[in-house]
Structure formats: structure tokens, C-alpha cells
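K.L.:
Show me the folded form of this:
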Amino acid sequence: FESDTLLTGIEIFSSSIWVAGSELTGTKGFVLKSTDIAKNWTEKLSIDSFLIVYNNFFDENTGVVFSVSETSSPLNLKIFSTTDDGENWLSKSSVLNGNSEGLKNIHFSTIDTGWISFRNFNGLYSIQRTIDGGSSWVVQITDTLDELSLIKFYDTNYGWAIGEMANYPSNNNLFLYSTV
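P.N.:
Residues are numbered from 1 along each chain as shown. Here you go, the predicted structure:
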């Protein structure tokens, strides 16, 4: 890889490796795939003016890539999904509900269902959920002081959001969250 490249994700399956990243200049995001133990790479997706910040591949053919535009406010998102080994990508654009300045964490448990946490301009944190692949977002938790550093869902209903209480930084307080 080039020295001006930031790799943001990797997924490994029995016969394939997916890598996502962006140029450090912020001008291009990309997804590459290797089927020969990283000897050769094929570009599967190239995105101008967007940085790839998250990827999750569920198997060798199906995955989600999440990208943001660094030059817009509120935060513009492009979410790409594939079900055919990256030969074709469905692109969805959306804007988060409300203003956001600090994207913190993303997790998709399926190609359609995902969560995002971010900090708004008031310094408060929110979690939003999509069930349509990122076309629309619904607020799940809003205006918490907790800096939500990790979201991980086991399936579309059960998962965890982990944070450190912003007003008690030495306690490392954690909380669990479920959508049901």
C-alpha cells in the first residue's frame, strides 16, 4: 500500500481478504479484495471526496461500507452495500438527524440494520439506528454526556453501547443497551 494510505478496516474469510481505507489527503476512499493471501489486490469500490470509516463483511460476498464527507456540515454519509462479491454496489446517501461534529462509532449487524454514535455541537452524544441500510435514521439514545466509544450488536435486537461517563472520567462507567 502507498505511504499516503490510511487503512480503516479488514475482514478475513477462508479464501478472501477485504480491506477498506482512504488516501490521507481525503480525496478518495477505496475497498480492495484479495483471493490469494494478499499477493494481488483488486479494487472493488472507489469513492471520490469521501473517507471510508467503517466496513463490515458478513461473508465473502456480502458487506457494508460506510463513508463520510469531511467537507460538509451536517455530516453527509454514503453507505454502500454489495451482495455479489463487490461487482455491484448499492449506494445510499443520508444526513444524520441533527447536527453532528464527532462521529464516534458504527456497527451494522445486517446489510440493512445498523447503529451510529456521534457527538453534536453541544458536546452531547446520541445513538441512531437504521433498518433500511442507512437511508433514514431514528434516534435511540439522545443527549447523553457519555462518550459512546463502542457499539456492537449480536443481532438486530440485542447489543451493547459502551461509554465512559464524561463527567466522571476516572470511573470508566459502562452501560448496556438493547432495542427491545
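
K.L.:
Now for Gly86, how many residues are close by?
P.N.:
For Gly86, the count of nearby residues is 23 (other Cβ atoms under 10 Å). For the C-beta atoms, the positions are set from N, CA and C on the backbone; glycine is no exception.

K.L.:
what separates it from Val64, distance-wise?
P.N.:
Gly86 sits 12 Å away from Val64, going by Cβ to Cβ, to the nearest Å.

K.L.:
now Leu103
P.N.:
From Leu103 to Val64 the distance is 16 Å (Cβ to Cβ).

K.L.:
Could you check which of these two has the larger neighbour count?
P.N.:
Higher neighbour count among Leu103 and Val64: Val64, with 25 against 17, using other Cβ under 10 Å.

K.L.:
just checking, that one touches Ser109?
P.N.:
No. At 10.0 Å, Val64 does not count as touching Ser109 under the criterion of Cβ atoms under 8 Å.

K.L.:
Next up, identify which helix or strand the residue most central in space within the chain is on.
P.N.:
Nearest residue to the geometric centre of the chain (Cα atoms, centre = their mean): Tyr54, 3.4 Å. Assigned by DSSP states H and E, Tyr54 belongs to strand 51-57.

K.L.:
got a list of contacts for that strand?
P.N.:
Here strand 51-57 makes contact (Cβ atoms under 8 Å, 6 or more residues apart in numbering) with 8-9, 11, 13, 18, 20-22, 26, 29-31, 63-70, 103, 106-108.

K.L.:
Can you name the element that comes right after that strand?
P.N.:
strand 63-68.
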